[in-house]
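In: generate coordinates for the sequence data below:
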Amino acid sequence: MKKSVICAALVAAMCSPLAFAQSASGDAYRPSLSTGDGAWFVSGNVGRTDGGTAGRFGTGNFDFLESNEGRDTGYGVTGGYRWKVSDRWGVGAELGYVDLGNYKVRNVFNDEDVDQTEGRNALRGWTAGANARVNITPAWYVGMRGGYFRASDNSTDYYNTIGQELRVRSGRDPERSSWYAGVGTGWNATENFSIGLHYDYFRAKSGTLVDEDSGAEIDGPKRSTALVGLTAEYAF
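Out: The predicted model follows:
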């Protein structure tokens, strides 16, 4: 239910103002820039992940009041260049890095939990893509982004709660190349600085786990996840 409310609110925030953008008048997107000019920007975001268990878009389970099921704090940093293409639109390119928190392995080869006491792997990696912003008013923007996501590998050893090695290891390359996409809305505090609420989804395939004693191979932890949080941007 919470997931549906979050998704519906973000979709409404994106679509509703776009329906009126064409009929509105005035130079809302960075009036100091001429159409065709551009500027560098840097941004950072921090928020709550959905636990790293999402197998496909929209399957996250957000609960901002609990920390179970691997939900954690995620963050990202991005830099890029955006051109002003009309009185309201800016379109650009971006490069970034994201760390989406930790996950735990559960019920790998039997009904018992498996804990990684020596360390946890976070879903993390590099992003390269495109972004766009439309300023509905000089103070109110809607942002969109998406592109290529190169996730971290799944190379680790697994241990139980007392630190005994379980002889479970990572298997073949999990084909780390995938994609990301996001949408959000917020407030332009000045022409150069903005802050808003964004939803970003990162699709990463699951790796494989191998039992070293039996040779059995199964799918590893689901690695796709999403991040809902605050994004701040400074444009030069």
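In: Arg48: helix or strand, and which one exactly?
Out: strand 38-49 (DSSP states H and E).
In: same deal with Ser178?
Out: Once you assign secondary structure using DSSP H and E, Ser178 falls within strand 177-188.
In: parallel or antiparallel, which strands does that strand pair with?
Out: strand 140-151 (antiparallel), strand 193-203 (antiparallel) (DSSP bridges).
In: dump it to CSV, keeping only the CA atoms.
Out: Taking Å, rounded to 0.1, in the frame of the first residue of the first chain, the C-alpha atoms of strand 177-188 are listed here in CSV:
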residue,chain,number,x,y,z
SER,A,177,25.5,-4.2,-17.1
SER,A,178,22.0,-2.9,-16.7
TRP,A,179,20.0,0.3,-16.4
TYR,A,180,18.6,2.9,-14.0
ALA,A,181,15.7,5.4,-14.2
GLY,A,182,14.2,8.1,-11.9
VAL,A,183,11.7,10.8,-11.5
GLY,A,184,11.2,13.6,-9.0
THR,A,185,9.9,17.0,-8.2
GLY,A,186,11.1,19.9,-6.0
TRP,A,187,11.8,23.5,-5.3
ASN,A,188,14.3,25.8,-7.0
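In: and the contacts of that strand?
Out: Residues from elsewhere that reach strand 177-188, judged by C-beta atoms under 8 Å, 6 or more residues apart in numbering: 10-11, 13-14, 17, 98, 127, 129, 135, 138-151, 194-205, 231. C-beta here means a position set from N, CA and C on the backbone, and glycine is covered the same way.
In: now a PyMOL select for only the buried ones of these.
Out: Buried members of those, defined by 16 or more other C-beta atoms under 10 Å, are picked up in PyMOL with:
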select buried, resi 10+13+14+17+98+127+129+135+138+140+141+142+143+144+145+146+147+149+151+194+196+197+198+199+200+201+202+203+204+205+231
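In: OK, contacts around the closest residue to Asn131 other than its chain neighbours?
Out: Distances taken as C-beta to C-beta, 6 or more residues apart in numbering place Arg145 nearest to Asn131, at 4.1 Å, with adjacent residues excluded. Contacts for Arg145 (C-beta under 8 Å, 6+ apart) come out as Glu94, Gly129, Ala130, Asn131, Ala132, Tyr180, Ala181, Gly182, Val183, Asp200.
In: what bridges to the fourth one?
Out: What it means is Asn131. What pairs with Asn131, by the bridge criterion (DSSP bridges), is Gly92, Arg145.
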